[in-house]
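**Student:** Sequence first, predicted model second:
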Amino acid sequence: MGTIECVQGDIAQQSDIDAVVNAANAELQSGGGVAGALHRAAGPGLAEECSPLAPIRPGQAVITSAHELPNRHVIHCLGPVYGVDEPADELLAACYRNALELAEREGIRSIAFPALSAGAFGYPPAEAARVALSTVLKTLPECPTIEQVRFVLFDTDSTELHQRTLESLQSGQE
């Protein structure tokens, strides 16, 4: 099974990763947070390539090339808006599962995720981390091509939360 790591950093600056995951909006256009950062770094070609793929539904994942980003691909996932899109836990898990399955089909060996739905979409951070990491741990054995999964978190608190959650899940304490 591939390795899973949690780091603090900028998802648009993961030059050693094949595919980065965009916390997309339904229209797959630039926005705030992760979507804005990736679209700014990728240049206008990303929005042009995304346009015919939109709209996407919560839990869905689609793939594009990475344009001016230092990666080969961007996988766009629409996470659930907490308290609106239900069942939120199943939709959030579907984002991670669908992104990994898409990466596997495309022969991608490394993938970087942000904390999907944990920002503007209001998902409680601890619950979002648990759903994300448990889904990745469950799905990764079915994706033998994927050697590395990296969670790229915005700040120290999120990074430490994800690391603690990962260690707890791996030791079976969850």
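**Tutor:** Nice, I can see it.
**Student:** any chance you could map the helices in the protein?
**Tutor:** Ranges of helices in the chain, per DSSP state H, are 33-42, 44-50, 88-105, 125-139, 156-170.
**Student:** Would you format these as JSON lines with mean pLDDT and mean neighbour count included?
**Tutor:** Yep, even glycine has a C-beta here, placed from its N, CA and C like the rest. Below are those laid out as JSON lines (pLDDT from 0 to 100; neighbours: other Cβ atoms under 10 Å):
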{"stretch": "helix 33-42", "mean pLDDT": "95", "mean neighbour count": "21"}
{"stretch": "helix 44-50", "mean pLDDT": "97", "mean neighbour count": "17"}
{"stretch": "helix 88-105", "mean pLDDT": "98", "mean neighbour count": "21"}
{"stretch": "helix 125-139", "mean pLDDT": "97", "mean neighbour count": "20"}
{"stretch": "helix 156-170", "mean pLDDT": "97", "mean neighbour count": "17"}
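**Student:** Of all the ones you listed, which one comes closest to Ala19?
**Tutor:** Ala19 lies closest, by Cβ to Cβ, to one member of the helices of the chain: helix 88-105, at 5.7 Å.
**Student:** Tell me which other helices or strands the closest one touches.
**Tutor:** Helix 88-105 is packed against strand 61-65, strand 73-77, strand 110-113, helix 125-139, with contacts defined by 3 or more Cβ pairs under 8 Å, 6 or more residues apart in numbering; DSSP states H and E.
**Student:** Could I get these in a markdown table, plus columns for distance to Ile17?
**Tutor:** Converted to a markdown table, the helices and strands packed on helix 88-105 look like this (distance: least, Cβ to Cβ, whole Å):
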| stretch | distance to Ile17 |
| --- | --- |
| strand 61-65 | 14 |
| strand 73-77 | 10 |
| strand 110-113 | 5 |
| helix 125-139 | 15 |
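**Student:** I'd like to know which of the ones you listed lies nearest to Ala37.
**Tutor:** Within the helices and strands packed on helix 88-105, the stretch nearest Ala37 is strand 73-77; the backing value is 11.5 Å (Cβ to Cβ).
**Student:** Adjacent strands (with direction) for the closest one?
**Tutor:** With DSSP bridges as the test, strand 73-77 is paired with strand 19-23 (parallel), strand 61-65 (antiparallel).
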